[in-house]
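Chemist: mind looking at a prediction? Sequence and model below.
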Amino acid sequence: MFGAALLGGCPIYSSQGTECRVCQGTGCYSCPDTSSSGGCAYSGACINWQCSQNSDCDDGYVCNDQAQCVTAPPVLDAGDCSVSGCPGGYVCKLSNGEAQCVSLGAPSSDGGADGSSPVDGGGGADPGSAGDSATTSSDGGASSDGGASAIDSGTSGVDSGSDADASSPSVPCNADGDCGGNGAACVDGACSSRVDLCSDGTQCVVAGSSCVDGLCEATCSATIPCPSGYGCDFTRGVCNLDPGACAGSGTSTCLGGAICVETHCVPPCSVEAACAAGQVCVNGGCIPDQAATFACLNDGDQGLLSNTCPDGFTCLHHDCYAACDVDASAGACAAPSSCKNVTIETGTYGVCAAPGTLGSDCDPAQGKACAGGVCINGTCQ
(Lines give C-alpha, C1' and ligand atoms only; values in the text may rest on other atoms or scores of the structure.)
Protein backbone atom coordinates (compact mmCIF):
# COMPACT_ATOMS: atom_id res chain seq x y z
CA MET A 1 0.00 0.00 0.00
CA PHE A 2 2.94 2.22 0.44
CA GLY A 3 4.73 3.29 -2.73
CA ALA A 4 8.47 3.21 -2.31
CA ALA A 5 10.06 6.41 -3.47
CA LEU A 6 13.37 8.15 -2.95
CA LEU A 7 12.83 11.15 -0.75
CA GLY A 8 14.08 14.44 -2.11
CA GLY A 9 17.10 15.87 -0.34
CA CYS A 10 17.99 12.58 1.33
CA PRO A 11 21.76 11.94 1.43
CA ILE A 12 23.00 9.02 -0.67
CA TYR A 13 26.45 7.51 -0.35
CA SER A 14 28.39 5.22 -2.62
CA SER A 15 29.66 1.88 -1.38
CA GLN A 16 31.75 -0.96 -2.77
CA GLY A 17 31.05 -1.94 -6.40
CA THR A 18 27.78 -0.57 -7.69
CA GLU A 19 25.92 -0.61 -4.37
CA CYS A 20 24.67 2.60 -2.85
CA ARG A 21 23.39 3.51 0.57
CA VAL A 22 19.93 5.10 0.38
CA CYS A 23 18.59 6.62 3.60
CA GLN A 24 14.89 7.42 3.70
CA GLY A 25 12.16 7.36 6.30
CA THR A 26 13.42 5.62 9.44
CA GLY A 27 16.14 3.43 7.89
CA CYS A 28 19.00 3.06 5.43
CA TYR A 29 19.16 0.52 2.60
CA SER A 30 21.77 -1.04 0.33
CA CYS A 31 20.63 -0.60 -3.29
CA PRO A 32 22.30 -2.07 -6.40
CA ASP A 33 20.42 0.01 -8.98
CA THR A 34 21.12 3.45 -10.39
CA SER A 35 18.71 5.97 -11.84
CA SER A 36 18.81 7.37 -15.38
CA SER A 37 20.73 10.35 -14.04
CA GLY A 38 23.43 8.09 -12.60
CA GLY A 39 22.50 8.47 -8.93
CA CYS A 40 21.34 5.77 -6.56
CA ALA A 41 17.76 4.53 -6.96
CA TYR A 42 15.54 2.80 -4.47
CA SER A 43 13.94 -0.40 -5.82
CA GLY A 44 12.57 -3.72 -4.67
CA ALA A 45 16.13 -5.09 -4.80
CA CYS A 46 17.21 -2.92 -1.87
CA ILE A 47 17.99 -4.59 1.44
CA ASN A 48 18.69 -3.23 4.93
CA TRP A 49 22.09 -1.54 5.20
CA GLN A 50 24.29 -3.46 7.65
CA CYS A 51 26.35 -1.54 10.21
CA SER A 52 28.62 -2.14 13.17
CA GLN A 53 28.81 1.40 14.57
CA ASN A 54 27.02 4.73 14.24
CA SER A 55 29.62 6.09 11.82
CA ASP A 56 28.54 3.43 9.29
CA CYS A 57 25.21 5.26 8.98
CA ASP A 58 24.14 8.59 7.51
CA ASP A 59 23.84 11.71 9.66
CA GLY A 60 20.69 11.47 11.71
CA TYR A 61 20.79 7.66 11.83
CA VAL A 62 22.34 5.28 14.36
CA CYS A 63 23.32 1.59 14.31
CA ASN A 64 20.90 -0.43 16.45
CA ASP A 65 21.39 -3.81 18.13
CA GLN A 66 20.17 -5.58 14.96
CA ALA A 67 23.11 -4.06 13.02
CA GLN A 68 20.75 -1.83 11.02
CA CYS A 69 20.77 1.93 10.55
CA VAL A 70 17.67 3.54 12.05
CA THR A 71 16.60 7.09 12.81
CA ALA A 72 18.54 8.50 15.75
CA PRO A 73 16.50 8.90 18.96
CA PRO A 74 15.06 12.39 19.31
CA VAL A 75 16.42 14.93 21.73
CA LEU A 76 13.40 15.58 23.91
CA ASP A 77 12.63 18.10 26.58
CA ALA A 78 11.96 16.64 29.99
CA GLY A 79 8.30 15.95 30.58
CA ASP A 80 5.45 13.63 29.76
CA CYS A 81 5.31 12.86 26.01
CA SER A 82 1.58 12.18 26.33
CA VAL A 83 1.39 15.96 26.79
CA SER A 84 4.37 17.23 24.76
CA GLY A 85 4.07 14.69 21.92
CA CYS A 86 6.76 12.96 19.85
CA PRO A 87 8.49 13.83 16.55
CA GLY A 88 7.69 12.09 13.28
CA GLY A 89 8.61 8.39 13.18
CA TYR A 90 8.15 8.05 16.96
CA VAL A 91 5.21 7.13 19.14
CA CYS A 92 4.58 7.76 22.82
CA LYS A 93 4.45 4.46 24.75
CA LEU A 94 4.04 3.56 28.38
CA SER A 95 7.33 1.94 29.41
CA ASN A 96 8.12 1.06 33.05
CA GLY A 97 5.23 3.24 34.07
CA GLU A 98 6.48 6.30 32.18
CA ALA A 99 5.40 7.72 28.82
CA GLN A 100 8.43 7.70 26.50
CA CYS A 101 9.04 8.35 22.79
CA VAL A 102 10.14 5.19 20.97
CA SER A 103 10.63 4.46 17.28
CA LEU A 104 7.62 3.02 15.44
CA GLY A 105 7.90 -0.76 15.48
CA ALA A 106 10.10 -0.87 18.58
CA PRO A 107 8.77 -3.19 21.31
CA SER A 108 7.95 -1.80 24.74
CA SER A 109 10.42 -2.62 27.47
CA ASP A 110 7.52 -3.73 29.64
CA GLY A 111 6.77 -6.46 27.11
CA GLY A 112 3.16 -6.87 28.21
CA ALA A 113 -0.25 -5.54 27.45
CA ASP A 114 -0.03 -3.21 30.44
CA GLY A 115 3.07 -1.52 29.11
CA SER A 116 2.66 -1.36 25.36
CA SER A 117 -0.17 1.09 24.90
CA PRO A 118 0.86 4.13 22.88
CA VAL A 119 -0.37 7.53 23.99
CA ASP A 120 -1.13 10.09 21.33
CA GLY A 121 0.70 13.32 21.94
CA GLY A 122 -0.07 15.07 18.69
CA GLY A 123 3.21 14.04 17.06
CA GLY A 124 3.86 12.74 13.56
CA ALA A 125 3.24 9.11 14.53
CA ASP A 126 -0.50 9.62 14.93
CA PRO A 127 -2.11 7.69 12.04
CA GLY A 128 -5.54 9.25 12.34
CA SER A 129 -7.08 12.36 13.75
CA ALA A 130 -10.24 12.20 15.77
CA GLY A 131 -11.16 15.54 14.25
CA ASP A 132 -11.17 13.99 10.79
CA SER A 133 -13.03 10.86 11.86
CA ALA A 134 -16.71 10.27 11.42
CA THR A 135 -18.95 7.49 12.67
CA THR A 136 -20.07 5.30 9.82
CA SER A 137 -23.67 6.05 9.02
CA SER A 138 -26.49 3.72 8.08
CA ASP A 139 -26.49 4.88 4.47
CA GLY A 140 -23.41 2.96 3.48
CA GLY A 141 -20.30 4.22 5.23
CA ALA A 142 -17.36 1.87 5.06
CA SER A 143 -19.37 -1.22 5.94
CA SER A 144 -20.88 -3.69 3.53
CA ASP A 145 -23.84 -3.88 5.90
CA GLY A 146 -24.19 -0.13 6.17
CA GLY A 147 -24.09 0.46 9.90
CA ALA A 148 -20.89 -0.48 11.75
CA SER A 149 -19.83 2.35 14.03
CA ALA A 150 -16.23 2.56 12.85
CA ILE A 151 -14.03 5.61 12.56
CA ASP A 152 -12.18 5.76 9.22
CA SER A 153 -9.40 8.30 9.00
CA GLY A 154 -8.44 7.41 5.44
CA THR A 155 -4.92 6.47 6.54
CA SER A 156 -3.66 3.09 5.36
CA GLY A 157 -0.89 0.77 6.37
CA VAL A 158 -0.80 1.34 10.14
CA ASP A 159 1.39 -1.20 11.86
CA SER A 160 0.82 -2.22 15.47
CA GLY A 161 4.57 -2.40 15.95
CA SER A 162 4.60 -6.08 16.91
CA ASP A 163 4.90 -7.83 13.57
CA ALA A 164 6.59 -5.45 11.14
CA ASP A 165 8.15 -2.04 10.83
CA ALA A 166 5.55 0.47 9.67
CA SER A 167 8.24 2.32 7.74
CA SER A 168 9.42 -0.72 5.75
CA PRO A 169 9.34 0.07 2.02
CA SER A 170 6.89 -1.90 -0.09
CA VAL A 171 7.89 -4.18 -2.96
CA PRO A 172 6.11 -4.07 -6.34
CA CYS A 173 4.22 -7.27 -7.15
CA ASN A 174 1.73 -8.89 -9.49
CA ALA A 175 0.90 -11.95 -7.37
CA ASP A 176 1.09 -13.06 -3.73
CA GLY A 177 4.01 -15.30 -4.65
CA ASP A 178 6.12 -12.18 -5.29
CA CYS A 179 5.89 -11.20 -1.60
CA GLY A 180 7.98 -13.91 0.09
CA GLY A 181 5.32 -15.57 2.25
CA ASN A 182 5.01 -14.96 6.02
CA GLY A 183 1.41 -13.90 5.48
CA ALA A 184 2.32 -11.06 3.11
CA ALA A 185 -0.01 -10.47 0.17
CA CYS A 186 -0.01 -8.48 -3.05
CA VAL A 187 -2.44 -5.59 -2.48
CA ASP A 188 -3.01 -3.07 -5.27
CA GLY A 189 0.35 -3.94 -6.85
CA ALA A 190 2.48 -3.66 -3.70
CA CYS A 191 3.49 -6.31 -1.17
CA SER A 192 1.72 -5.68 2.13
CA SER A 193 2.75 -7.34 5.38
CA ARG A 194 0.21 -9.43 7.27
CA VAL A 195 -0.63 -6.63 9.73
CA ASP A 196 -1.57 -4.34 6.83
CA LEU A 197 -4.33 -6.68 5.62
CA CYS A 198 -7.98 -6.02 6.43
CA SER A 199 -9.78 -7.82 9.25
CA ASP A 200 -13.28 -6.52 8.53
CA GLY A 201 -15.16 -4.79 5.72
CA THR A 202 -15.46 -1.61 7.78
CA GLN A 203 -11.74 -1.06 7.08
CA CYS A 204 -12.03 -1.22 3.30
CA VAL A 205 -11.27 1.90 1.25
CA VAL A 206 -14.26 1.27 -1.01
CA ALA A 207 -17.62 1.44 0.76
CA GLY A 208 -19.66 -1.73 0.46
CA SER A 209 -16.66 -4.07 0.16
CA SER A 210 -16.13 -7.16 2.31
CA CYS A 211 -12.85 -8.32 3.80
CA VAL A 212 -12.17 -11.71 2.21
CA ASP A 213 -9.11 -13.53 3.55
CA GLY A 214 -7.39 -10.20 4.22
CA LEU A 215 -8.27 -8.45 0.94
CA CYS A 216 -11.13 -6.05 0.30
CA GLU A 217 -13.40 -7.53 -2.36
CA ALA A 218 -16.55 -6.22 -4.03
CA THR A 219 -19.86 -7.77 -3.01
CA CYS A 220 -22.21 -9.30 -5.56
CA SER A 221 -25.55 -11.04 -6.07
CA ALA A 222 -27.78 -12.27 -8.88
CA THR A 223 -28.56 -8.63 -9.68
CA ILE A 224 -25.20 -7.02 -8.76
CA PRO A 225 -22.39 -8.20 -11.09
CA CYS A 226 -18.69 -8.33 -10.26
CA PRO A 227 -16.03 -6.17 -11.91
CA SER A 228 -14.70 -7.52 -15.20
CA GLY A 229 -12.23 -10.37 -14.62
CA TYR A 230 -13.82 -11.44 -11.32
CA GLY A 231 -16.51 -14.04 -10.66
CA CYS A 232 -19.23 -14.01 -8.01
CA ASP A 233 -19.33 -16.59 -5.26
CA PHE A 234 -23.11 -16.48 -4.98
CA THR A 235 -23.10 -18.59 -1.81
CA ARG A 236 -21.05 -15.98 0.07
CA GLY A 237 -21.95 -12.90 -1.97
CA VAL A 238 -18.38 -11.78 -2.73
CA CYS A 239 -16.33 -11.38 -5.93
CA ASN A 240 -13.44 -13.68 -5.03
CA LEU A 241 -13.61 -16.17 -7.92
CA ASP A 242 -11.20 -16.09 -10.86
CA PRO A 243 -13.05 -17.27 -14.00
CA GLY A 244 -9.99 -17.16 -16.26
CA ALA A 245 -6.87 -17.38 -14.12
CA CYS A 246 -3.76 -16.17 -15.91
CA ALA A 247 -0.06 -16.26 -15.16
CA GLY A 248 2.62 -13.60 -15.26
CA SER A 249 1.81 -10.08 -16.35
CA GLY A 250 0.71 -8.32 -19.49
CA THR A 251 -1.37 -9.92 -22.24
CA SER A 252 0.52 -13.22 -22.65
CA THR A 253 -2.31 -15.49 -21.44
CA CYS A 254 -5.31 -13.14 -21.73
CA LEU A 255 -7.57 -12.64 -24.74
CA GLY A 256 -9.26 -9.62 -26.25
CA GLY A 257 -6.66 -7.11 -25.10
CA ALA A 258 -7.15 -7.89 -21.39
CA ILE A 259 -4.19 -7.53 -19.00
CA CYS A 260 -3.09 -10.16 -16.46
CA VAL A 261 -3.05 -8.53 -13.02
CA GLU A 262 -2.81 -10.66 -9.87
CA THR A 263 -3.92 -13.74 -11.88
CA HIS A 264 -7.07 -11.99 -13.23
CA CYS A 265 -7.59 -11.01 -16.88
CA VAL A 266 -8.86 -7.44 -16.51
CA PRO A 267 -9.48 -4.38 -18.74
CA PRO A 268 -6.37 -2.34 -19.56
CA CYS A 269 -5.88 1.13 -18.17
CA SER A 270 -3.60 4.11 -18.58
CA VAL A 271 -3.52 7.80 -17.82
CA GLU A 272 -5.89 8.33 -20.74
CA ALA A 273 -8.14 5.36 -19.88
CA ALA A 274 -9.04 5.52 -16.21
CA CYS A 275 -10.70 2.75 -14.22
CA ALA A 276 -14.29 2.66 -12.99
CA ALA A 277 -15.22 3.90 -9.52
CA GLY A 278 -14.00 1.57 -6.78
CA GLN A 279 -11.17 0.25 -8.94
CA VAL A 280 -7.49 1.13 -9.26
CA CYS A 281 -5.06 0.92 -12.16
CA VAL A 282 -2.40 -1.65 -11.21
CA ASN A 283 0.29 -2.99 -13.53
CA GLY A 284 -1.66 -1.72 -16.55
CA GLY A 285 -5.04 -3.21 -15.60
CA CYS A 286 -8.15 -2.23 -13.60
CA ILE A 287 -8.76 -4.25 -10.43
CA PRO A 288 -11.01 -3.65 -7.38
CA ASP A 289 -9.27 -1.56 -4.72
CA GLN A 290 -8.22 -4.22 -2.19
CA ALA A 291 -6.63 -1.86 0.34
CA ALA A 292 -7.64 -1.28 3.96
CA THR A 293 -7.52 1.93 5.99
CA PHE A 294 -6.73 2.29 9.69
CA ALA A 295 -7.55 4.93 12.31
CA CYS A 296 -5.74 3.81 15.50
CA LEU A 297 -2.73 1.80 16.66
CA ASN A 298 -3.47 0.00 19.91
CA ASP A 299 -6.22 -2.60 19.83
CA GLY A 300 -8.22 -2.87 23.03
CA ASP A 301 -7.57 0.68 24.25
CA GLN A 302 -9.78 3.76 24.15
CA GLY A 303 -9.18 7.47 23.64
CA LEU A 304 -5.59 8.70 23.76
CA LEU A 305 -4.22 5.32 24.84
CA SER A 306 -5.51 3.82 21.59
CA ASN A 307 -3.46 6.34 19.55
CA THR A 308 -6.04 7.65 18.66
CA CYS A 309 -9.78 7.10 19.09
CA PRO A 310 -12.30 9.61 20.44
CA ASP A 311 -13.43 9.16 24.02
CA GLY A 312 -15.95 6.34 24.25
CA PHE A 313 -14.54 4.48 21.23
CA THR A 314 -12.50 1.26 21.38
CA CYS A 315 -9.69 0.41 18.95
CA LEU A 316 -10.31 -2.99 17.34
CA HIS A 317 -8.45 -4.22 14.26
CA HIS A 318 -6.88 -0.72 14.16
CA ASP A 319 -10.24 1.01 13.70
CA CYS A 320 -12.36 2.90 16.25
CA TYR A 321 -15.78 1.53 17.22
CA ALA A 322 -18.33 2.97 19.64
CA ALA A 323 -18.07 1.13 22.95
CA CYS A 324 -21.25 -0.26 24.47
CA ASP A 325 -22.56 -2.54 27.23
CA VAL A 326 -24.05 -5.78 25.92
CA ASP A 327 -26.27 -5.93 29.01
CA ALA A 328 -27.69 -2.46 28.35
CA SER A 329 -30.96 -1.72 26.62
CA ALA A 330 -31.53 -2.20 22.91
CA GLY A 331 -30.92 1.52 22.47
CA ALA A 332 -27.21 1.18 23.32
CA CYS A 333 -26.39 1.42 19.59
CA ALA A 334 -28.09 3.19 16.72
CA ALA A 335 -29.87 0.86 14.28
CA PRO A 336 -28.99 -1.13 12.28
CA SER A 337 -25.97 -1.64 14.55
CA SER A 338 -26.27 -3.62 17.75
CA CYS A 339 -24.01 -4.13 20.74
CA LYS A 340 -21.94 -7.28 20.41
CA ASN A 341 -18.92 -8.81 22.08
CA VAL A 342 -15.91 -8.91 19.77
CA THR A 343 -12.92 -11.06 20.72
CA ILE A 344 -9.43 -10.10 19.52
CA GLU A 345 -5.93 -11.03 20.66
CA THR A 346 -6.04 -8.69 23.67
CA GLY A 347 -9.47 -9.64 25.02
CA THR A 348 -13.22 -9.32 24.45
CA TYR A 349 -14.87 -5.92 24.04
CA GLY A 350 -18.44 -4.70 23.63
CA VAL A 351 -18.85 -2.41 20.61
CA CYS A 352 -21.56 -1.27 18.23
CA ALA A 353 -21.42 -3.33 15.05
CA ALA A 354 -23.62 -3.88 12.02
CA PRO A 355 -24.90 -7.37 11.17
CA GLY A 356 -22.29 -9.45 9.39
CA THR A 357 -19.31 -7.39 10.59
CA LEU A 358 -16.63 -7.78 13.27
CA GLY A 359 -16.74 -11.54 13.61
CA SER A 360 -14.28 -13.27 15.96
CA ASP A 361 -13.80 -16.56 14.08
CA CYS A 362 -10.78 -15.47 12.05
CA ASP A 363 -8.42 -12.56 11.45
CA PRO A 364 -5.93 -12.68 8.53
CA ALA A 365 -4.04 -9.66 9.92
CA GLN A 366 -3.23 -11.70 13.03
CA GLY A 367 -2.59 -15.00 11.22
CA LYS A 368 -5.87 -16.46 12.53
CA ALA A 369 -7.17 -18.47 9.56
CA CYS A 370 -10.25 -20.63 9.05
CA ALA A 371 -9.83 -24.39 9.29
CA GLY A 372 -11.98 -24.58 6.19
CA GLY A 373 -13.85 -22.19 3.91
CA VAL A 374 -13.24 -18.47 3.56
CA CYS A 375 -12.78 -15.74 6.17
CA ILE A 376 -15.28 -12.95 5.45
CA ASN A 377 -15.47 -10.00 7.85
CA GLY A 378 -14.09 -12.12 10.67
CA THR A 379 -16.48 -15.05 10.17
CA CYS A 380 -15.56 -18.42 8.63
CA GLN A 381 -17.95 -19.19 5.77
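Modeler: Thanks, I have it.

Chemist: contacting residues for the nearest residue to T379 once chain neighbours are set aside?
Modeler: Leaving aside its sequence neighbours, T379 sits nearest to G359 (Cβ to Cβ, 6 or more residues apart in numbering; 3.4 Å). Using the backbone N, CA and C atoms, a C-beta is placed for each residue, glycine as well. Counting by Cβ atoms under 8 Å, 6 or more residues apart in numbering, G359 touches D200, N377, G378, T379, C380.

Chemist: and G359, that's in a strand?
Modeler: No - going by DSSP: H, G, I helix; E, B strand; the rest coil, the assignment for G359 is coil, not a strand.

Chemist: for it, grab phi and psi.
Modeler: phi -70, psi 160 (degrees, to the nearest 10).

Chemist: so it versus V374, what's the distance?
Modeler: Separation of G359 from V374 (Cβ to Cβ, to the nearest Å): 12 Å.

Chemist: can you check C57 too?
Modeler: C57 is 45 Å from V374, by Cβ to Cβ.

Chemist: lowest-confidence helix or strand of the chain?
Modeler: Lowest by mean pLDDT, DSSP states H and E among the helices and strands of the chain is strand 118-119, with a mean of 37.

Chemist: still on that earlier bit, who has more neighbours, C57 and V374?
Modeler: The residue with more neighbours, out of C57 and V374, is C57; 23 against 18, by other Cβ atoms under 10 Å.

Chemist: list the contacts for the more buried one?
Modeler: C23, C28, W49, C51, C63, C69.

Chemist: any idea how far the last one lies from I47?
Modeler: C69 sits 12 Å away from I47, taking Cβ to Cβ as the criterion.

Chemist: for the two, indicate the residue with more neighbours.
Modeler: Taking other Cβ under 10 Å, C69 and I47 do not tie; C69 has more neighbours (25 against 10).

Chemist: so which strand or helix has the more buried one?
Modeler: C69 is part of strand 69-71 when elements are defined by DSSP states H and E.

Chemist: same check, this time on A247
Modeler: Going by DSSP H and E, A247 is not in any helix or strand.

Chemist: quick one: residues contacting it.
Modeler: T253, C260, T263.

Chemist: what's the closest non-adjacent residue to the last one?
Modeler: Once flanking residues are discounted, T263 sits nearest to A245: 5.0 Å by Cβ to Cβ, 6+ apart.

Chemist: distance-wise, check the one you found relative to W49.
Modeler: A245 is 39 Å from W49, by Cβ to Cβ.

Chemist: these two: who's more crowded?
Modeler: W49 (25 against 11).

Chemist: wait, isn't that one in contact with C40?
Modeler: No - applying Cβ atoms under 8 Å, one finds W49 not in contact with C40, separated by 11.6 Å.

Chemist: need the residues touching each of the two.
Modeler: Between them, W49 and C40 share the contacting residues R21, judged by Cβ under 8 Å, 6+ apart.

Chemist: returning to what we had before: by neighbour count, which of the contacts of G359 wins?
Modeler: Of the contacts of G359, with other Cβ under 10 Å as the count, D200 tops at 31 neighbours.

Chemist: which ones are touching that residue?
Modeler: Counted by Cβ under 8 Å, 6+ apart, D200 has contacts A148, A150, C211, H317, D319, T357, L358, G359, N377, G378.

Chemist: next, format the residues you listed as CSV and append pLDDT and distance to G231.
Modeler: Formatted as CSV, the contacts of D200 follow (pLDDT from 0 to 100; distance: Cβ to Cβ, whole Å):
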residue, pLDDT, distance to G231
A148, 44, 27
A150, 57, 29
C211, 96, 18
H317, 90, 27
D319, 90, 29
T357, 92, 24
L358, 92, 27
G359, 92, 24
N377, 95, 20
G378, 94, 23
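
Chemist: in JSON lines, list those residues along with distance to D299.
Modeler: JSON lines is the format used below for the contacts of D200 (distance: Cβ to Cβ, whole Å):
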{"residue": "A148", "distance to D299": "16"}
{"residue": "A150", "distance to D299": "13"}
{"residue": "C211", "distance to D299": "16"}
{"residue": "H317", "distance to D299": "7"}
{"residue": "D319", "distance to D299": "9"}
{"residue": "T357", "distance to D299": "16"}
{"residue": "L358", "distance to D299": "12"}
{"residue": "G359", "distance to D299": "15"}
{"residue": "N377", "distance to D299": "17"}
{"residue": "G378", "distance to D299": "13"}
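
Chemist: between those, which is closest to G303?
Modeler: D319 (14.6 Å; Cβ to Cβ).

Chemist: is the closest one in a bridge, and if so with what?
Modeler: D319 has these beta-bridge partners by DSSP bridges: L316.

Chemist: for A291, see how far away it is.
Modeler: Taken as Cβ to Cβ, the span from D319 to A291 is 14 Å.

Chemist: hmm, back to that, turn the contacts of G359 into a markdown table, including secondary structure.
Modeler: Listed next are the contacts of G359 as a markdown table, based on three-state DSSP:
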| residue | secondary structure |
| --- | --- |
| D200 | coil |
| N377 | coil |
| G378 | coil |
| T379 | strand |
| C380 | strand |
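
Chemist: identify the farthest-apart pair in those residues.
Modeler: D200 and C380 (13.6 Å).

Chemist: coming back round to it: which of the contacts of A247 ranks first by neighbour count?
Modeler: C260 (25 neighbours).

Chemist: which SS class is that residue?
Modeler: Applying three-state DSSP: C260 is strand.

Chemist: neighbours around the spatially closest residue to it that is not a sequence neighbour, how many?
Modeler: Spatial nearest neighbour of C260, chain neighbours left out: C246 (3.9 Å); criterion: Cβ to Cβ, 6+ apart. Look at C246: counted by other Cβ under 10 Å, it has 22 neighbours.

Chemist: surely C246 and C265 touch.
Modeler: Yes - using Cβ under 8 Å as the test, C246 is close enough to C265 to be in contact (5.2 Å).

Chemist: what touches both of those two?
Modeler: By Cβ under 8 Å, 6+ apart, the residues touching both C246 and C265 are T253, C254.
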